[in-house]
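Chemist: sequence plus the predicted model coming up.
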Amino acid sequence: MKTLPTFIFDLDGVITNTEDYHFDAWKSICIKLNYDLSPEKNEELKGVSRSECLEKILKWANQSLDSKEFKKLLNTKNELYLKKISNIDSSNIIEGVDDFIKKAKHRNHTIALYSSSKNARFILRKLNLYSYFDAIVDGNSVKASKPDPEGFILASKLTKSNPEDCVVFEDSEAGIIAGNKINMTTIGIGVSNKLEIADKVYKRFEEIKLKEF
């Protein structure tokens with residue numbers, strides 16, 4: 001009998017479009033650094049931890065900060081982001097993904113989340129999706145963020161799944177690379193050409209048929 005694969009979802013850009021709020025918050029931080037963050041450069045921040053994002057931005061801006069100022073900017077960014085997401089609800093779920101998750105759950109697929117966000121649990125509760133997840137791995141759970149596969153390895157252990165029996169849904173190059181490293185099936189969601197390294201790419205969840213798995 002074929003093993004039902006475990007589905008591991010990213011959060012930002014896959015379940016909800018809070019990535020736009022991240023972009024806005026980072027742009028505000030970049031203004032303080034006299035750096036203009038472009039949408040193209042923002043693509044490189046997807047799936048990456050908050051501190052690593054700031055390290056990338058400082059490198060692009062050719063600037064450096066002492067540890068105190070670095071932490072201050074990280075906290076400011078998070079405060080801006082939390083303010084922006086404070087009023088989100090189920091209407092902020094990306095079209096099609098909630099239906100896919102609910103049908104998968106009905107068919108007894110194990111459902112997990114791996115997001116670099118340290119606010120992942122808070123967001124899932126705001127979206128009324130928290131109860132559908134059998135395991136949640138977030139930025140508080142790992143030392144190394146994507147493209148390191150640590151979070152995906154932890155998600156597979158928490159769900160008692162072999163990595164090769166897991167399907168990853170990602171909108172970031174870093175997430176796809178991480179899943180590929182440990183032979184998980186990777187599904188790219190979106191239109192970025194950086195997703196072409198995934199096993200399959202779909203523009204949106206409505207294109208995906210659950211019976212494919």
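Modeler: Yes, it's here.
Chemist: how about the helices in this structure?
Modeler: 19-32, 39-43, 50-60, 67-85, 97-106, 120-126, 150-158, 173-181 (DSSP state H).
Chemist: give me the number of residues near residue 31?
Modeler: 11 (other Cβ atoms under 10 Å). Any C-beta I mention is one placed from the backbone N, CA and C, and that applies to glycine too.
Chemist: which residues are in contact with it?
Modeler: With contact set as Cβ atoms under 8 Å, 6 or more residues apart in numbering, residue 31 has no partners.
Chemist: in the sheet, who's paired with the closest residue to residue 5 other than its chain neighbours?
Modeler: The shortest distance from residue 5 to any residue other than its chain neighbours is 4.8 Å, reached at residue 167 (Cβ to Cβ, 6 or more residues apart in numbering). With DSSP bridges as the criterion, residue 167 is bridged to residue 7, residue 185.
Chemist: and residue 167, what is it in contact with?
Modeler: 5-8, 184-187, 213 are the contacts of residue 167 under Cβ under 8 Å, 6+ apart.
Chemist: please apply the same query to residue 144.
Modeler: Taking Cβ under 8 Å, 6+ apart, we find residue 144 in contact with residue 150.
Chemist: can you list the weak-confidence ranges in the protein?
Modeler: Applying pLDDT under 70 to the chain picks out residues 1-2.
Chemist: how's it carved up into domains?
Modeler: Following automatic domain parsing, one gets these domains for the chain: 6-16+89-212, 19-85.
Chemist: most tightly surrounded among the ones you listed?
Modeler: Sort the domains of the chain by mean neighbour count, taking mean count of other Cβ atoms under 10 Å, and domain 6-16+89-212 sits at the top with a mean of 19.
Chemist: run the chain-centre distance for that one.
Modeler: 7 Å (Cα atoms, centre = their mean, to the nearest Å).
Chemist: end to end, how far does stretch 189-209 reach?
Modeler: One end of stretch 189-209 to the other measures 14 Å (Cα to Cα, to the nearest Å).
Chemist: next: stretch 120-133.
Modeler: 12 Å.
Chemist: ok, and what's touching it?
Modeler: 11, 15-16, 18, 85, 88-90, 92-93, 98, 101-102, 105, 111-113, 117, 136, 138-139.
Chemist: ok, now stretch 169-182?
Modeler: Contacts for stretch 169-182 (Cβ under 8 Å, 6+ apart): 7-10, 12-14, 19, 43-44, 46-48, 145-149, 151-153, 156, 163, 166, 168, 185-190, 192, 194-195, 197-198.
Chemist: kindly report the same for stretch 50-60.
Modeler: Taking Cβ under 8 Å, 6+ apart as the rule, stretch 50-60 contacts 26, 29-30, 33, 35, 37, 41, 44-45, 48, 64-65, 70, 73-74, 77-78, 116, 118, 139, 145.
Chemist: recalculate using a threshold of 6 Å.
Modeler: Applying Cβ atoms under 6 Å, 6 or more residues apart in numbering, the contact partners of stretch 50-60 are 45, 74.
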